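Asker: Attaching a predicted model along with its sequence, questions to come.
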Amino acid sequence: MMNILPSKTLEIPPIDLTSWIIQDAAGHSYKFSDGFILQPGATVTLHSGSGSDSATDLYWNSKYAIWNNDGDTIYVINAAGKVVLTKSYGNT
């Protein structure tokens, strides 16, 4: 489970995440659906497994774990294809 882009903390207006991508170091990628808007003060949790998407929980629908327990890197890529955030953890 991972919280991404908490707009309240960043003090920014609503963000249209249509076509934005979350990617790991191995190249596994999740693309936000059309019309997904992150409201100020809201958070969204991206789950690796299966489930039903909501305003607060999105599902990668992967049969396998995406994030490595010993370390990985997350890339947030905007709709124009530019990496706007990179965050590593663990042994990366």
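Answerer: Received the coordinates, thanks.
Asker: List the contacts of the closest residue to D34 other than its chain neighbours.
Answerer: In space, and not counting its chain neighbours, D34 is closest to T18: 5.1 Å by C-beta to C-beta, 6 or more residues apart in numbering. Every C-beta, even on glycine, is put in place using the N, C-alpha and C of the backbone. By C-beta atoms under 8 Å, 6 or more residues apart in numbering, the contact list for T18 reads 32-36, 79.
Asker: what helix or strand is the residue nearest the centre of the chain on?
Answerer: In the chain, the centroid-proximal residue (C-alpha atoms, centre = their mean) is I22; its distance is 4.5 Å. Per DSSP states H and E: I22 is located in strand 21-24.
Asker: For that strand, which outside residues touch it?
Answerer: Counting by C-beta under 8 Å, 6+ apart, 4, 29-32, 46, 66-68, 72-77 sit against strand 21-24.
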